[in-house]
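K.L.:
With the sequence up front, the predicted model follows.
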Amino acid sequence: ASASAAALALAFTAGSAAASCEAGEMVIKLSHVTNTDKHPKGIAASLLQSRVNEEMNGKACMEVYPNSTLYNDDQVLEAMLQGDVQMAAPSLSKFEKFTKQFRIFDLPFMFKNMDSVDAFQNSEAGQAMKESMTRRGLLGLDFWHNGLKQFSANKPLLEPGDAAGLKFRVQPSDVLVAQMEALDASPQPMAFSEVYGALQTGVVDGQENTWSNIYGQKFFEVQDGITETNHGVLDYMLVTSVDWWDSLDADLRDQLETIVHEVTAERNAAIADVDAENRQAVLDAGGTIRELTAEQRQDWVDVMKPVWEQFEGDVGAENIQAAQDINA
Ligand code: LMR
């Protein structure tokens, strides 16, 4: 890889696949769906790219493809199993075909804040989830943070009844479908890259996502406003294929794994700041943010939390209890 400062700076800011790989270098393609500027996943992927290309120069070379330019999340895991891409970081909602354990992260109001999410992911049970898909060919390398989700629609959402009858885009997750049904809303699973257009044309009325995705995809431009519900988590698993990972020389794999863990620790520790920056960016760009009173928020909890019962068998009552103990 070209490790000149200018090339690294370009790769970092543009998050581009610009690093030109040299003959003899092992190419590592990382495909993802978000923007790179200000976005927690975009920043983490770009940092991983620049560190691999600097520290493993001559041995390995990483190319990052952001913004769904290579694959969307419906395609990327299959592409990984085919060996067409070596790393990806889909949200935890996107692994339904591979494991049901991640459903705990989609359950509404399961985690109080990102510190709780972080503690749960770093517990023994959380870390074991990285290996929950190995039989199906995928290995989790690390959890990457994004943040808590907010609701938005083409009308103000203050009471849970305000969502009734509206169509909401959701990620393809049975838990999120059940969550919207609990609100008497109509869930519409859809790829991330299609959401802005669907909101703009009225194919859907609303959506749920994090501040960085609401800002990065400009959803606020085509919604009445964002309601600060913090009702669920959107985090990622940085994954690779078991076959590819096992095929690496041990020295090279160890070096890559160390860099991955260091990038994870650094970027996950910065999540509160990145999240706050994106929330502020929505306001600065003219978006409307509505806060709920404690009473209003409790009404949303009362309507949505019964969804937990439907999925207790998938996620394990002991994991729900562990999450609640961490919240306390
Ligand atoms: C979504 O589909 O809304 C998110 O998973 C996109 C992302 O990667 O943050």
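P.N.:
Cool, got the structure.
K.L.:
Stretch 190-197 close to the ligand?
P.N.:
Yes. Against the ligand, stretch 190-197 shows contacts by Cβ under 6 Å from any ligand atom at Phe192. (Each C-beta comes from the backbone N, C-alpha and C, glycine too.)
K.L.:
For that stretch, list every residue counted as buried.
P.N.:
Using 16 or more other Cβ atoms under 10 Å as the test for burial, stretch 190-197 gives 190-192, 195-196.
K.L.:
which stretches of the protein form strands?
P.N.:
26-31, 60-65, 87-88, 138-153, 167-170, 186-189, 206-210, 225-228, 233-241, 289-291 (DSSP state E).
K.L.:
picking up where we left off before, now, the buried residues of stretch 190-197 that are in helices?
P.N.:
195-196 (DSSP state H).
K.L.:
Which of the buried residues of stretch 190-197 sits closest to the ligand?
P.N.:
Checking these against the ligand with Cβ to the nearest ligand atom, the nearest one is Phe192 at 3.5 Å.
K.L.:
Give the full set of residues in contact with the closest one.
P.N.:
Each residue near Phe192 by Cβ atoms under 8 Å, 6 or more residues apart in numbering is listed here: 33-34, 68, 72-73, 171, 213, 217.
K.L.:
now it: how far from Ser68?
P.N.:
7 Å (Cβ to Cβ, to the nearest Å).
K.L.:
need the residues of the stretch 51-200 of the chain near the ligand, please.
P.N.:
When proximity is defined as Cβ under 6 Å from any ligand atom, the stretch 51-200 of the chain approaches the ligand at 91, 146, 171, 192.
K.L.:
any chance of those in TSV, plus distance to Gly140 and pLDDT?
P.N.:
Output for those, formatted as TSV (distance: Cβ to Cβ, whole Å; pLDDT from 0 to 100):
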residue	distance to Gly140	pLDDT
Ser91	13	98
Asn146	16	98
Gln171	18	98
Phe192	20	96
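K.L.:
ranking those residues by neighbours, who comes first?
P.N.:
Asn146 (28 neighbours; other Cβ atoms under 10 Å).
K.L.:
Could I get the CA-only coordinates of stretch 189-198 as PDB?
P.N.:
Taking Å, rounded to 0.1, in the frame of the first residue of the first chain, the C-alpha atoms of stretch 189-198 are listed here in PDB:
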ATOM      1  CA  PRO A 189     -38.200  -3.900   5.800                       C
ATOM      2  CA  MET A 190     -36.000  -2.100   3.300                       C
ATOM      3  CA  ALA A 191     -32.300  -1.600   2.500                       C
ATOM      4  CA  PHE A 192     -30.600   1.400   4.000                       C
ATOM      5  CA  SER A 193     -29.700   3.000   0.700                       C
ATOM      6  CA  GLU A 194     -33.400   3.200  -0.200                       C
ATOM      7  CA  VAL A 195     -34.700   4.800   2.900                       C
ATOM      8  CA  TYR A 196     -34.300   8.500   2.000                       C
ATOM      9  CA  GLY A 197     -36.100   8.000  -1.300                       C
ATOM     10  CA  ALA A 198     -38.900   6.100   0.400                       C
END
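K.L.:
For Asp74, see how far away whatever residue of the stretch 1-150 of the chain ends up closest to the ligand is.
P.N.:
Nearest to the ligand in the stretch 1-150 of the chain, going by Cβ to the nearest ligand atom, is Ser91, at a distance of 3.3 Å. Per Cβ to Cβ, Ser91 is found 12 Å from Asp74.
K.L.:
Give me the nearest residue to Asn35, chain neighbours excluded.
P.N.:
With sequence-adjacent residues excluded and distances taken as Cβ to Cβ, 6 or more residues apart in numbering, Asn35 is closest to Gly216, at 4.2 Å.
K.L.:
Just give me the neighbour total for that neighbour.
P.N.:
22.
K.L.:
Once you drop chain neighbours, what's closest to Ala45?
P.N.:
Among residues not flanking Ala45 along the chain, Val64 sits closest, at 5.0 Å (Cβ to Cβ, 6+ apart).
K.L.:
Please give the number of neighbouring residues around the one you found.
P.N.:
28.
K.L.:
got it, and Gly147?
P.N.:
Gly147: 25 surrounding residues under other Cβ under 10 Å.
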